[in-house]
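Engineer: I would like to see how this sequence folds:
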Amino acid sequence: MSVHFEKVELKSTTASAARRGRLVVDQPSTHNSSLSGFGAKKELETPAFIKYTRNGLQPHLVPEVAAELDELPKATRIQLEDFLEDELPACTKLHGGLRSFVALDKADILILDTLDPVVAVRTAKAISKAMGIDSEGGVRRLTPEAFAHSVDLLQPDIAIPPADYIEEPLPSLTHGKRISKSVSRSKKWLNEFLALKKSCVAVFAPVVGSRSTELREICAQSLLACDGISGYSFNDVCLQVPFAEKLDLFRHSITYLDANKPRYMQGSSAPDLVVRAILYGVDIFDSSYAYAVTEQGFASLYYFRHDSEISGAFLDSSSDSGHLNMWDSHMFDDFGPLMNGCGCYTCRNHHRSYIHHLLKTKEMLATVLLQIHNTFCYQQFFVDIRRSMDEDTFLKDARQFLERYGCSASELGLSGAADQPNQAFNELDMLSRQIFSPTTKIQRKRNTESHNISNESGL
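Structural biologist: I've put the predicted structure just below:
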């Protein structure tokens, strides 16, 4: 397996570190291509997102429905923790690997990670020999050896090995050796995984070090000296610092890493964070934001450029908020599309009133239709970003985007101003505190008294 990153030269340089490129996966034809998808070149234009899944499926989108979104990136991430309800996951026993188990398109780049990037609070803790994972079957211990064995059986294109991610707040973060232990453990686990894996899977190495610039430098330098690494993964979901500080820590890390390898940032998928991260040199994100919007019962209304195919939304008085609350009583008799100018299946065939009705009655179709729209909107957002970079207008478009949705222009990373919270794209924060999906049917106590509709209606 060969994975490399081809940087595309832009028309001119700007005052940012934004990169335009292409992730290329070359697979040897000696493998059984009929089962595992080997033997073909796969490409992903960047900046891009990889499709976020839960339990091996894009949330609310069965494959037949997802086919309506035929221009989605051909890249999917799956986390092993979703399959650890038993000690030995059933997916490891199927000939053909994980791709066959979840019926994933053979053309998709398959990335296998350990943890869900949306989950910021965890109870399972790491020990010296293994990372802790909260699963449906209880706490599991995932060792580098067990992950290497799973990778050999599941046959992903890219694997992200276990790392000792620190969950905050912990008193030992600033006092003691917790961060240092995290870096040394992660380095040890990576080396063990590389030595034990038998497959030719490409590896994206986790970059750790929490909020310590010194330890991030140590981690980065050890990765630079390590053979067998095709890219870098940045998972600071549990790091409770302003996003501007996360970006500064990211920039400090990449100073010591190979600039010719792709950079994947997890958990920071909100549109405003994506724009700011791209300006710092991030290449790949996940699509968990679209899922978070759906889980609130919202419809996305944002766009990156005024000449976007879906920029007709700016005519909508609600568009400056970035989303439309489909629970709102005003949706009761609003027969317009979710977003003016949107060409997704939902907006072409349904209206706000119907989706409001589906939400109120807890019908699963509500989240299916919302997810189609929100994913389409997210997809168009990245298409417009790449087009903006190709046309050398990205810096201007990024500034206008951040200002349009209530972000400070200083968040472009061109000044040292303080980080400002943006309420237009805070659905991921809302999701972290949410217990039920919007269409979860909770058992209710029925009113046993007779109810005369005619009396109430005046008939």
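
Engineer: which pLDDT value goes with the residue nearest to residue 97 when sequence neighbours are not counted?
Structural biologist: Once flanking residues are discounted, residue 97 sits nearest to residue 155: 3.5 Å by C-beta to C-beta, 6 or more residues apart in numbering. Every residue, glycine included, has its C-beta placed from N, CA and C. If you check residue 155, the pLDDT there is 95.

Engineer: from what I can see residue 155 touches residue 104, true?
Structural biologist: No: if you go by C-beta atoms under 8 Å, residue 155 and residue 104 don't touch, sitting 11.0 Å apart.

Engineer: who's more crowded, those two?
Structural biologist: Taking other C-beta atoms under 10 Å, residue 155 and residue 104 do not tie; residue 155 has more neighbours (24 against 21).

Engineer: quick one: contacts for the spatially most central residue of the chain?
Structural biologist: Centroid-nearest residue in the chain: residue 286, 2.2 Å away (criterion: C-alpha atoms, centre = their mean). Residue 286 is in contact with 49-52, 77, 117, 266-267, 269, counting by C-beta atoms under 8 Å, 6 or more residues apart in numbering.

Engineer: at 10 Å what do you get?
Structural biologist: By C-beta atoms under 10 Å, 6 or more residues apart in numbering, residue 286 lies in contact with 49-53, 75-77, 111, 113, 116-118, 264-269.

Engineer: how far off centre is the helix ranked longest in the chain?
Structural biologist: Looking across the chain with DSSP state H, the single longest helix is helix 365-390. Taking the mean of its C-alpha atoms, helix 365-390 sits 13 Å from the chain's own mean (C-alpha atoms, centre = their mean, to the nearest Å).

Engineer: kindly report the same for stretch 383-394.
Structural biologist: The answer for stretch 383-394 is 21 Å, by C-alpha atoms, centre = their mean.

Engineer: give the burial count for residue 336, as a bare number.
Structural biologist: Neighbours around residue 336, by other C-beta under 10 Å: 12.

Engineer: how close does residue 367 get to residue 272?
Structural biologist: 24 Å (C-beta to C-beta, to the nearest Å).

Engineer: also residue 426?
Structural biologist: Residue 426 is 10 Å from residue 272, by C-beta to C-beta.

Engineer: same question for residue 124.
Structural biologist: According to C-beta to C-beta, residue 124 stands 31 Å off from residue 272.

Engineer: and what of residue 361?
Structural biologist: Separation of residue 361 from residue 272 (C-beta to C-beta): 33 Å.

Engineer: quick one, which of these two is more surrounded?
Structural biologist: In terms of neighbours (other C-beta under 10 Å), residue 272 is the more surrounded of residue 361 and residue 272; the figures are 23 against 11.

Engineer: how far is whatever helix or strand the more buried one lives in from where the chain is centred?
Structural biologist: Counting by DSSP states H and E, the element that carries residue 272 is helix 271-279. Here helix 271-279 is found 13 Å from its chain centre; the criterion is C-alpha atoms, centre = their mean.

Engineer: ok, residue 143 - contacts?
Structural biologist: If a contact means C-beta under 10 Å, 6+ apart, then residue 143 has 127, 129-131, 149, 162, 189, 192-193, 196 as its contacts.

Engineer: compare those and tell me which is most surrounded.
Structural biologist: Neighbour tally across these (other C-beta under 10 Å): the maximum, 27 neighbours, falls on residue 162.

Engineer: just checking, that one touches residue 144?
Structural biologist: Yes: in this structure, residue 162 is within contact of residue 144 by C-beta atoms under 10 Å, at 6.1 Å.

Engineer: between the two, which contacts overlap?
Structural biologist: With C-beta under 10 Å, 6+ apart, residue 162 and residue 144 have common neighbours 130-131, 189-190, 192-193.

Engineer: so which of the residues you listed would you say is closest to residue 385?
Structural biologist: Residue 385 has its nearest neighbour among these in residue 190, at 31.3 Å by C-beta to C-beta.

Engineer: what does the pLDDT read for the closest one?
Structural biologist: On the pLDDT scale, residue 190 is placed at 97.

Engineer: got the buried residues for the helix or strand where it lies?
Structural biologist: According to DSSP H and E, residue 190 maps onto helix 178-196. Buried residues in helix 178-196, counted by 16 or more other C-beta atoms under 10 Å: 178-179, 182-187, 189-190, 192-194, 196.

Engineer: I'd like these as a markdown table, with distance to residue 222 appended.
Structural biologist: Compiled in a markdown table, the buried residues of helix 178-196 are given as follows (distance: C-beta to C-beta, whole Å):
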| residue | distance to residue 222 |
| --- | --- |
| 178 | 18 |
| 179 | 14 |
| 182 | 13 |
| 183 | 8 |
| 184 | 9 |
| 185 | 12 |
| 186 | 9 |
| 187 | 5 |
| 189 | 12 |
| 190 | 9 |
| 192 | 14 |
| 193 | 14 |
| 194 | 12 |
| 196 | 18 |
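
Engineer: just to revisit the earlier point, quick check: the residue nearest to residue 97 touching residue 96?
Structural biologist: Yes: between residue 155 and residue 96 a contact is recorded at 7.8 Å, counting by C-beta under 10 Å.

Engineer: for the closest residue to residue 236 other than its chain neighbours, the count of nearby residues, please.
Structural biologist: Nearest residue to residue 236 in three dimensions, chain neighbours excluded: residue 246, at 5.4 Å (C-beta to C-beta, 6+ apart). Residues contacting residue 246 under the criterion other C-beta under 10 Å number 24.

Engineer: likewise residue 337?
Structural biologist: Neighbour tally, residue 337, other C-beta under 10 Å: 22.

Engineer: heads up, I number from 28, so please use that
Structural biologist: Got it, the first residue is 28 from now on, which makes the last one we talked about residue 364.

Engineer: how about the secondary structure of the closest residue to it other than its chain neighbours?
Structural biologist: Leaving aside its chain neighbours, residue 364 sits nearest to residue 374 (3.9 Å; criterion: C-beta to C-beta, 6+ apart). Put simply, residue 374 is helix when judged by DSSP: H, G, I helix; E, B strand; the rest coil.

Engineer: how far away is residue 374 from residue 367?
Structural biologist: For residue 374, the distance to residue 367 (C-beta to C-beta) stands at 9 Å.

Engineer: among these two, which residue is more densely surrounded?
Structural biologist: residue 374 (23 against 16).

Engineer: these two touch, right, the more buried one and residue 407?
Structural biologist: No: using C-beta under 10 Å as the test, residue 374 is too far from residue 407 to be in contact (11.8 Å).

Engineer: quick one: low-confidence parts of the protein?
Structural biologist: 39-42, 55-66, 196-203, 334-347, 434-450, 460, 462, 468-486 (pLDDT under 70).

Engineer: returning to that earlier point: give me phi/psi at the residue nearest to the centre of the chain?
Structural biologist: phi -120, psi 170 (degrees, to the nearest 10).
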